[in-house]
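**Q** Sequence and computational prediction follow.
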Amino acid sequence: LQRELARMRQRADFVMETVAVGEEGRVSVKMLPDPRRYTHMERDGDTLYTDKYLGHSISLNAMVAGFSGVPIYELSPSITSTCEYAQSRRAALSNEMDSGEYTPPAECAASHRELDMAGKERLIGFLSVDICGATALRRRDAAAFDRAYELFTRELGTVVGQFNGSILKTKGDGFIAFIDHPSFTRVSDNLVDMGLTLLVVLHQSLNPALEKCGIEPISIRVGADFGEAKIKTMSVPATGFVCQEVVSDALNRAVKIEEACKPNELLIGRCFYQLIHAGWLERATEVPFEGAQVGMPGYKTYRII
């Protein structure tokens, strides 16, 4: 695990300052290290920036050299306001409970795609969602739980697409989602935003609809982490069984972290924490995690609110 942490890419956060506005609307800007994330000091004719959250330091000259030629990617969510989205989905679900007609969101979610890495290993963000007490809920009223799970999968699965993710698989009482993109910074920010939005949509949109039709509201746990993954083909030659399986410690960590969550909580792992934006770091608090019980001694987790 320490080796994986050491191999992880490093993030730097900047703020833009307009320098000049030229002809044809061309804007010149300069990128400054984000003061929410860094303190700085002068040393040997260079400026040294220290990350307040991760503790490491980097000189300005090294920062400039390290980011020279690095591409800038766009991977924005289709949701511009989580609260407005939740309100619109609440109205749509309320109408569906009366009319039986489904109204899709106005926002266009990214189409589902399978995780296909052509045998190569790369960095992926994973998020695991689980309905709390699903077995007891199903036992009390199987038909009601099946309806709740159907709406849960549809509405929260749509949120996954709104953040450029896809569902890896459903679990009967939840699902595992992923975001696969070359920009690990954009993946990280989309993934944490997705996790928080899932909680908002659940409580402000889905649960009111369930209660309207007499179904017990649900709570969920959400865990996420980031790291290497690859696809492996598994087979049983004697029977002809063949399947593809995602092999990833990051996926396993996301599931274990989700299992350690309290109801209606989002927890993320250390590998993920190291890559999120300063705005999210300000909302993160380390929480106790019995990593040794799940094969991750000393691994840190963080609650995002």
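**A** Arrived safely.

**Q** just the strands in the protein please.
**A** 14-21, 27-33, 38-43, 46-51, 57-59, 122-131, 166-170, 174-179, 220-236, 241-247, 265-269, 284-287, 301-304 (DSSP state E).

**Q** for these, which one sits closest to Asn207?
**A** Among the strands of the chain, strand 220-236 comes nearest to Asn207, with 10.3 Å by C-beta to C-beta. (Each C-beta comes from the backbone N, C-alpha and C, glycine too.)

**Q** What strands line up against the closest one, and which way round?
**A** strand 122-131 (antiparallel), strand 241-247 (antiparallel), strand 265-269 (parallel) (DSSP bridges).

**Q** Export those as a markdown table, with columns for mean neighbour count, mean pLDDT and distance to Ala224.
**A** Compiled in a markdown table, the strands paired with strand 220-236 are given as follows (neighbours: other C-beta atoms under 10 Å; pLDDT from 0 to 100; distance: least, C-beta to C-beta, whole Å):
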| stretch | mean neighbour count | mean pLDDT | distance to Ala224 |
| --- | --- | --- | --- |
| strand 122-131 | 25 | 95 | 4 |
| strand 241-247 | 12 | 91 | 15 |
| strand 265-269 | 25 | 97 | 5 |
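
**Q** pLDDT weak spots in the protein?
**A** Flagging of the chain using pLDDT under 70 yields the residue ranges 1-8, 67-68, 118-119, 293-294.

**Q** can you point me to the longest helix in it?
**A** helix 142-162 (DSSP state H).

**Q** buried ones in that one?
**A** Within helix 142-162, the residues that qualify as buried by neighbour count (16 or more other C-beta atoms under 10 Å) are 144-145, 148-149, 151-152, 155-162.

**Q** just stretch 32-47 next, same as before
**A** Residues of stretch 32-47 classed as buried: Pro33, Arg37, Tyr38 (neighbour count, 16+ other C-beta under 10 Å).

**Q** do stretch 92-100 as well
**A** Within stretch 92-100, the residues scored as buried using 16+ other C-beta under 10 Å are Ala92, Leu93, Glu96, Met97.

**Q** again, but for stretch 288-305
**A** Result for stretch 288-305 [16+ other C-beta under 10 Å]: buried residues Phe289, Gly291, Val294, Met296, Tyr299, Thr301, Tyr302, Ile304.

**Q** again, but for stretch 103-113
**A** Under 16+ other C-beta under 10 Å, the buried positions of stretch 103-113 are Pro105, Glu107, Ala109, Ala110.

**Q** correct me, but Asp130 touches Thr170?
**A** No: using C-beta atoms under 8 Å, Asp130 makes no contact with Thr170, being 11.1 Å away.

**Q** which among the buried residues of stretch 92-100 gets closest to Arg253?
**A** Closest approach to Arg253 among the buried residues of stretch 92-100 (C-beta to C-beta): Leu93, at 32.9 Å.

**Q** so what's Pro208 up against?
**A** Arg90, Leu93, Ser94 (C-beta atoms under 8 Å, 6 or more residues apart in numbering).

**Q** picking up where we left off before, include distance to Ala12 when you put the strands paired with strand 220-236 into JSON lines, please.
**A** Below are those laid out as JSON lines (distance: least, C-beta to C-beta, whole Å):
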{"stretch": "strand 122-131", "distance to Ala12": "17"}
{"stretch": "strand 241-247", "distance to Ala12": "29"}
{"stretch": "strand 265-269", "distance to Ala12": "19"}
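
**Q** any idea how far Glu265 is from Thr18?
**A** The gap separating Glu265 from Thr18 is 40 Å, by C-beta to C-beta, to the nearest Å.

**Q** How about Lys212?
**A** For Lys212, the distance to Thr18 (C-beta to C-beta) stands at 49 Å.

**Q** who has more neighbours, those two?
**A** Lys212 (13 against 9; other C-beta atoms under 10 Å).

**Q** Do I have it right that the more buried one meets Asn95?
**A** No: if you go by C-beta under 8 Å, Lys212 and Asn95 don't touch, sitting 10.5 Å apart.

**Q** got the contacts of Pro208 as CSV, with distance to Leu206 columns?
**A** As requested, the contacts of Pro208 are exported to CSV (distance: C-beta to C-beta, whole Å):
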residue, distance to Leu206
Arg90, 8
Leu93, 7
Ser94, 11
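
**Q** Just give me the closest of the residues you listed to Leu137.
**A** Leu93 (18.9 Å).

**Q** Am I right that that closest one is in contact with Asn207?
**A** No: in this structure Leu93 lies outside contact range of Asn207 using C-beta under 8 Å: 9.8 Å.

**Q** Quick check: beta-bridge partners of Gln244?
**A** Applying DSSP bridges, one finds that Gln244 bridges with Thr233.
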